[in-house]
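In: coords below, sequence missing:
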Ligand code: MSP
């Protein structure tokens, strides 16, 4: 039978320096997704690579006293080394200087031109070399790049434009017809709003420097780096991998969603090529809540992360620590804590204990009724389908907790019950297979200990009885230095603010009774719900409380459709001091139930409609 195909990509990174944790995050996530699809027995193509052209690279090369080609050639091994050290199983490492790619870029330009979508003109406007992106006065009122906070360059040069304006309707239709195209869904509305404001044609060639794909319509011109770069996803399939197009998912960071969800589908449509199925934008890693990156000078090195806790713990930590799609704050202390508490204590100890028993008493097959992984496998599969990678991990660890509890209640070390030892070994098999996309090295070790293969077949069939040998220690506990402990102390305080308390919403489980009694709680009715420019999570609500109207900012954007909030009754804490957020004053807080682990947030409402302003007592 023909295998189903699966094609996943990472962004192609600028090789202007060695990769850091931010690049590693996207690449590990894509690797996890690729590995899961291999378990599902699909034929997988996983593409990563580098974006070698453009002003940013040519400037960095000049600074290093090298030609752009020599400069990028010297950095590519650093990327490949980093991916090998992180156990990334990519299928092709593409560079935009690869000849097969350059040829396809030129072909696509000619196709778009033939379709009447490329014309000559003059570009006059602002440019950020760090993003390699154009900005309007409206996007950057202080003439600084909104992302890099550096002055934008004023450009005026002859250029060829791509008629993006022609594709407004096509794009809006695409987002409706294919609601998963922009994922996660909380990122979609912002793009739709911006597209609705009107699309401007964008400049796709430059004459002021020559580090790019020669523009096939005019010798004086070189292709704009983003027009060139996006095409990598398609060009990589044109070399005997045609069956993989359209891509199943492009994994990217939220900083480059506009290019992928607006420019890219319009370019493909113009060239008569099928549109990819999904673009998934994850959040940013920060360090002490500052965006991490080379320009900010706070980039976390991949090597030091691996040195601190090992490859599998680093991979595990990055995907467990924050919801895939949201921002996360990196700290070594949290990495160590998860390594010690979850990987060493929960998984490592379980494997060590059970394999020791299995070696000593052997195992005896039993069909377990009270201990089954079917439900877990089903839930994990759904989470993978939705790219909820953190939730998949939560689910697997809930199962590991259950396995530990089962061991604790049955005490096979006292009873020597070979059937219980079998049940536990079988559960370890299932956990190890489900965890293998995240921690492949460890899962392989577990598979060797219990003599099974990492495959769909073994996941869905009982463990074969065999001679088992005690496992080596999978995760050695890490001693925290007093410095990291101090850092952890700060982190856990920050964590409380960041994760447990969704901004502007107070979760019930944080309020002690004494505090609660001091609060003046009232029923309010939401009258308006609006987005706030530049805010990912917050909504601006107008809430009626008796005869009073208040503005309340609440971090519930991704949990509720604005239209569903209108006329909803909620509980408001009305005697809190007003708080400034995003330059606006929030005059109260809403009560909600939820936590970050499950990524839930449910507003608390009176059971039936009552007068607004009613006091809760
Ligand atoms: N070359 C373009 C992408 C072209 S894709 C056709 C580019 N390159 S980049 O080197 O700047 O890498 C950007 C990507 O790296 C982000 O989209 C994100 O996936 C990842 N990250 C870089 N810094 C990051 C964080 N601090 N946090 C999370 N991911 C980040 O843009």
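Out: On my side now, so go ahead. Bear in mind that the values here come from a model prediction, so they are computed numbers and not experimental data.
In: and the closest residue in space to residue 225 that isn't next to it in sequence, what are its phi and psi?
Out: Spatial nearest neighbour of residue 225, chain neighbours left out: residue 54 (3.2 Å); criterion: CB to CB, 6 or more residues apart in numbering. Just so you know, the C-beta spots here come from the backbone N, C-alpha and C atoms, and that holds for glycine as well. Main-chain torsions, residue 54, degrees, to the nearest 10: phi 100, psi 170.
In: got the contact list for residue 54?
Out: Shown in contact with residue 54 (CB atoms under 8 Å, 6 or more residues apart in numbering): 14, 132, 211-212, 225.
In: will you turn these into JSON lines that also has neighbour count?
Out: Output for the contacts of residue 54, formatted as JSON lines (neighbours: other CB atoms under 10 Å):
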{"residue": "14", "neighbour count": "23"}
{"residue": "132", "neighbour count": "20"}
{"residue": "211", "neighbour count": "22"}
{"residue": "212", "neighbour count": "26"}
{"residue": "225", "neighbour count": "26"}
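In: which regions of the stretch 51-200 of the chain sit below the pLDDT cut-off?
Out: Applying pLDDT under 70 to the stretch 51-200 of the chain flags no residue at all.
In: circling back to that earlier point, the residue nearest to residue 225 and the ligand, how far apart?
Out: Applying CB to the nearest ligand atom, to the nearest Å, one obtains 8 Å for the distance of residue 54 from the ligand.
In: Likewise for residue 330?
Out: Distance check for residue 330 against the ligand: by CB to the nearest ligand atom, it reads 9 Å.
In: burial of residue 463, as a residue count?
Out: One way to gauge burial is a neighbour count; for residue 463, by other CB atoms under 10 Å, it gives 20.
In: for residue 66, same thing?
Out: Close neighbours of residue 66, defined as other CB under 10 Å, add up to 14.
In: any idea what sits nearest it, other than its immediate chain neighbours?
Out: Residue nearest to residue 66 in three dimensions, not counting chain neighbours: residue 74, with 7.2 Å by CB to CB, 6+ apart.
In: Which strand or helix spans the one you found?
Out: Of the helices and strands defined by DSSP states H and E, residue 74 is found in helix 68-85.
In: close to the ligand, is that helix?
Out: No. Applying CB under 6 Å from any ligand atom, one finds helix 68-85 separated from the ligand by no less than 10.0 Å.
In: Need the contact partners of that helix.
Out: Residues from elsewhere that reach helix 68-85, judged by CB under 8 Å, 6+ apart: 13, 15-19, 23-24, 27, 48, 50, 52-53, 57-58, 60-61, 64, 66, 90, 93, 95, 97, 211, 302-303, 306, 311.
In: which among those end up buried?
Out: Buried members of the contacts of helix 68-85, scored by 16 or more other CB atoms under 10 Å, are 13, 15-16, 18-19, 23-24, 27, 48, 50, 52-53, 57-58, 60-61, 90, 93, 95, 97, 211, 302, 306, 311.
In: Now the element after the helix holding residue 74, going C-ward?
Out: Moving toward the C-terminus from helix 68-85, the first helix or strand encountered (DSSP H and E) is strand 92-95.
In: The helix or strand following that following strand and the ligand in contact?
Out: Downstream of strand 92-95, the next assigned helix or strand under DSSP H and E is helix 99-114. No. Contact between helix 99-114 and the ligand is absent, the nearest approach being 11.4 Å (criterion: CB under 6 Å from any ligand atom).
In: next structured bit after helix 99-114?
Out: Heading C-terminal from helix 99-114, the first helix or strand you meet, by DSSP H and E, is strand 118-128.
In: Check which residues of that next one are buried.
Out: Neighbour counts over strand 118-128 (16+ other CB under 10 Å) mark 118, 123, 126-128 as buried.
In: partners of it, with directions?
Out: Under the criterion DSSP bridges, strand 118-128 sits next to strand 133-135 (antiparallel), strand 153-162 (antiparallel) in its sheet.
In: Could you tell me how many residues sit around the closest residue to the ligand within the stretch 101-250 of the chain?
Out: The stretch 101-250 of the chain approaches the ligand most closely through residue 229 (3.9 Å), counting by CB to the nearest ligand atom. The burial count assigned to residue 229 is 26, neighbours taken as other CB under 10 Å.
In: State the distance from the nearest residue to it once chain neighbours are set aside to residue 203.
Out: Once flanking residues are discounted, residue 229 sits nearest to residue 51: 4.6 Å by CB to CB, 6+ apart. Distance from residue 51 to residue 203, counting by CB to CB, to the nearest Å: 18 Å.
In: pretty sure residue 208 contacts residue 156?
Out: No. Taking CB atoms under 8 Å as the definition, residue 208 is not a contact partner of residue 156, at 9.9 Å.
In: To what extent is residue 471 buried, counted in neighbours?
Out: Residues near residue 471, counting by other CB under 10 Å: 21.
In: Might you report the residue contacts of it?
Out: Listed by CB under 8 Å, 6+ apart, the contact set of residue 471 reads 351-352, 355-356, 445-446, 449.
In: OK, contacts around the closest residue to the ligand within the stretch 151-300 of the chain?
Out: Distances from the stretch 151-300 of the chain to the ligand, computed as CB to the nearest ligand atom, single out residue 253 as the nearest residue at 2.6 Å. For residue 253, the set of contacting residues under the criterion of CB under 8 Å, 6+ apart consists of 11, 22, 26, 281-284.
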